[in-house]
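J.: What shape does this take:
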Amino acid sequence: MSFPTSFPPQHQDQHPGLEYAMIPFPIYDNDSYLTRGTLLQDKVAIITGGDSGIGKAVALAFAKQGANIVIAYYNEKKDAQTVRDIIEAVQRECLVIQADLSLETECQRVISETINHFNKLDILVNNAAVQYEAQKLELISEEQFDKTFKTNVYGTFHMTKAALPHLKSGCSIINTTSVVAFHGNETLIDYSMTKGALVAFTRSLATSLAKSKSGIRVNAVAPGPIWTPLIPSSFSEEKVSKFGANTPMGRAGQPVECAGAYVFLASDAASYITGQTIHINGGEIVNA
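T.: Next up is the predicted model:
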């Protein structure tokens with residue numbers, strides 16, 4: 001399968017962005033290697049930010065492996081409904097919940113509605129995030145700083161805290177961090193900070209749960225430049241047109257290229273893996 005190596009200039013004022021407005025449309029499925037199976041048969045997975053991008057690709061990959069899906073999304077109703085239709089087309093159930101995950105009560109509601117509907121929870125993917133570009137530190141307002149941390153870090157913390165009482169041995173938590181957690185980004189300082197916090201959260205919680213003999217695993221995936229709605233909603237038209245070109249592979253990744261890592265970490269095939277990060281970044285070497 002071939003993937004785009006460049007993108008036409010484009011920008012969206014909507015944040016975190018609308019997938020259906022992107023050109024080209026992100027690739028979230030590939031039947032040649034994300035085939036149907038039973039690795040996650042009848043498991044229930046919550047995927048925050050599952051309405052588009054990486055979250056959408058993960059939702060479909062999980063469903064094709066037998067899982068039922070809960071999508072928590074912010075305000076991208078059309079994208080969320082599209083994902084639900086896709087999941088139902090592969091004969092799995094999909095519950096979509098609109099929520100502001102920067103608020104603890106909303107995170108608790110997502111968990112409560114999931115348990116009320118499915119009566120269990122097996123997998124939590126903390127994937128929802130926002131990013132806002134600023135050319136220097138002095139231009140990052142307190143409002144922006146708070147929004148970025150409350151969505152990316154507080155949301156993950158509160159979702160995980162609310163989910164833990166319902167998770168049992170063999171269950172999995174997967175956090176979406178980023179390559180910028182490891183090498184930084186000069187115009188995404190606050191976003192990079194939040195992703196670094198998620199790496200530390202992943203390692204710390206994994207150790208805590210392992211020592212408590214809970215049997216619950218916690219891992220992370222660190223994508224590099226991936227073609228998702230965050231990109232045209234965060235960057236200028238010129239920067240979008242060059243997005244991903246500086247990677248060793250010479251292109252941005254597509255959401256479908258991340259999905260397999262989440263399936264692996266959620267499955268029993270990763271039963272002896274916890275506290276780890278899988279890097280999907282087009283060949284960039286990072287200090288893990």
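
J.: rest of the way, CA atoms for contacts and neighbours
T.: Fine.

J.: After the lowest-mean-pLDDT helix or strand in the chain, heading C-terminal, what element do we hit next?
T.: Lowest by mean pLDDT, DSSP states H and E among the helices and strands of the chain is helix 230-234, with a mean of 87. Heading C-terminal from helix 230-234, the first helix or strand you meet, by DSSP states H and E, is helix 237-241.

J.: Confirm that residue 164 sits in a strand.
T.: No - Residue 164 sits outside any strand when classified using DSSP: H, G, I helix; E, B strand; the rest coil, being helix.

J.: Compute the number of surrounding residues for it.
T.: 15 (other CA atoms under 10 Å).

J.: what's the answer for the one 10 residues further on, then?
T.: Residue 174 has 25 neighbouring residues, counting by other CA under 10 Å.

J.: Mind checking what secondary structure it has?
T.: Under three-state DSSP, the three-state class of residue 174 is strand.

J.: Surely it and residue 206 touch.
T.: No - look at residue 174 against residue 206 with CA atoms under 8 Å: they stay out of range, at 10.5 Å.

J.: got any residues that touch both of the two?
T.: Taking CA atoms under 8 Å, 6 or more residues apart in numbering as the contact rule, the neighbours common to residue 174 and residue 206 are 218, 219.

J.: quick one: what helix or strand has residue 125 in it?
T.: Following DSSP H and E, one finds residue 125 within strand 123-126.

J.: Burial check on the nearest residue to residue 204 once chain neighbours are set aside, number of neighbours?
T.: Nearest residue to residue 204, sequence neighbours excluded (CA to CA, 6 or more residues apart in numbering): residue 275, at 7.5 Å. Neighbour count of residue 275, defined by other CA under 10 Å: 21.

J.: shouldn't residue 275 be in contact with residue 200?
T.: No - the pair residue 275 / residue 200 is not scored as a contact, 9.2 Å apart, by CA under 8 Å.
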